[in-house]
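Student: what would the 3D arrangement of this be:
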Amino acid sequence: MKTSTFFSMNRLALFLFIYFLFFGLANTNHVIAQDKLSNKNTITVVFIDKTSSVETNSFITAKNQSWLRRILKQSFVVSGDKIILSYIFQNTASSSNKTVFTYLPPKERTNRMSSSEARVAKIKYKKRLRAYQNNFIDRIITKAFSSQPSLSGTNVIGSFKILSDISIANPNHKLKAVYISDMQECSSFQKLFCENSTHSIKSFNHALSLAKKDYPRLIQKFRLNKKCLQNYLEIIVVFPAQELDTDPAFAILPTYWSYLFSQCGVNEINYH
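Tutor: Residues are numbered from 1 along each chain as shown. Below is the predicted model:
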């Protein structure tokens, strides 16, 4: 009887040992995976609408620049983070429609110093870092809003090709995308709230129905993977409009675009 109990206790101890060993390894792997994600560089793709359908009065310009500045401040943390600027115009999908800004802040002194020297060095470094960050943001904003609007069509759909190409080229980066656009597609692909268009979306159900038909067309047009945007953590859309609640386009369009983004693998889409 004692022998049986002894062996039962040993089996129980062995089971508990294996269980906690497995649990510990699983937990360690989870932590390592989280660390790897947090250590990845971030790429934020910014699309600026350069078509004539976007109003450019002082209020909207200030709104756009304010939003972009706010987003940029949260988009670079460590050396090597990138901002990729693209324009929405007639030929958005062009491979040359990308300007890359790489965040390379000044390095802090690490040589041996006295405590008083270290304090002075830290103050100086923080000042240099702030100056670099402000200049980095200013350069992007200047580039984003300096060129003149195009009088040709609006090809928002071409941005999916740009985003997909960036994702394929940067598999080890955290990816985000920002649109400062009215999202009113006016191209051979689709016409959504175009001026004098007879193809404007009539309702939320109509928007969803169009999106369901256009998703396979989008994938075929650019030969994309069905989940080509699944590596993007978030899509932010900033509508360049003064009164969003007075224009039905800004209420209905998110239904259309959200369906396309989600079908391509994006989980988080925010409109402002």
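
Student: so what does the host helix or strand of Ala118 touch, helix or strand wise?
Tutor: Ala118 belongs to helix 115-146 when assigned by DSSP states H and E. The elements that helix 115-146 packs onto, with contact taken as 3 or more CB pairs under 8 Å, 6 or more residues apart in numbering; DSSP states H and E, are strand 42-49, helix 58-73, strand 82-88, strand 99-102. C-beta coordinates here come from the backbone N, C-alpha and C atoms, glycine included.

Student: if I read this right, Gln65 contacts Ile140, doesn't it?
Tutor: No: assessed by CB atoms under 8 Å, Gln65 is found out of contact with Ile140, at 10.6 Å.

Student: can you pick out the residue with more neighbours from those two?
Tutor: Ile140 (20 against 14; other CB atoms under 10 Å).

Student: contacting residues around that one?
Tutor: Val46, Leu68, Leu72, Ile83, Leu85, Phe101 (CB atoms under 8 Å, 6 or more residues apart in numbering).

Student: for the first one, give me its contacts.
Tutor: Applying CB under 8 Å, 6+ apart to Val46 gives the contacts Leu68, Ile71, Ile83, Ile84, Leu85, Ser86, Ile140, Ala144, Ala177, Val178, Ile180.

Student: how does it look with 6 Å?
Tutor: Leu85, Val178 (CB atoms under 6 Å, 6 or more residues apart in numbering).

Student: could you measure from Pro171 over to Glu234?
Tutor: 18 Å (CB to CB, to the nearest Å).

Student: give me the more crowded residue out of these two.
Tutor: Between Pro171 and Glu234, counted using other CB under 10 Å, the more crowded position is Glu234 (15 against 8).

Student: my read is the more buried one is in a strand, agree?
Tutor: Yes: counting by DSSP: H, G, I helix; E, B strand; the rest coil, Glu234 is found in a strand.

Student: quick one, strands of the stretch 101-250 of the chain?
Tutor: Under the criterion DSSP state E, counting those that start in this stretch, the stretch 101-250 of the chain contains strands at 174-180, 232-238.

Student: for the first one, C-alpha coordinates in PDB please.
Tutor: Written as PDB, here are the backbone C-alpha positions of strand 174-180 (Å, rounded to 0.1, in the frame of the first residue of the first chain):
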ATOM      1  CA  LYS A 174       5.000  47.800 -37.400                       C
ATOM      2  CA  LEU A 175       2.800  49.500 -39.900                       C
ATOM      3  CA  LYS A 176       0.200  52.300 -39.700                       C
ATOM      4  CA  ALA A 177      -1.600  54.400 -42.400                       C
ATOM      5  CA  VAL A 178      -3.100  57.900 -42.300                       C
ATOM      6  CA  TYR A 179      -5.400  59.400 -44.900                       C
ATOM      7  CA  ILE A 180      -6.100  63.200 -45.100                       C
END
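
Student: noted, bye for now.
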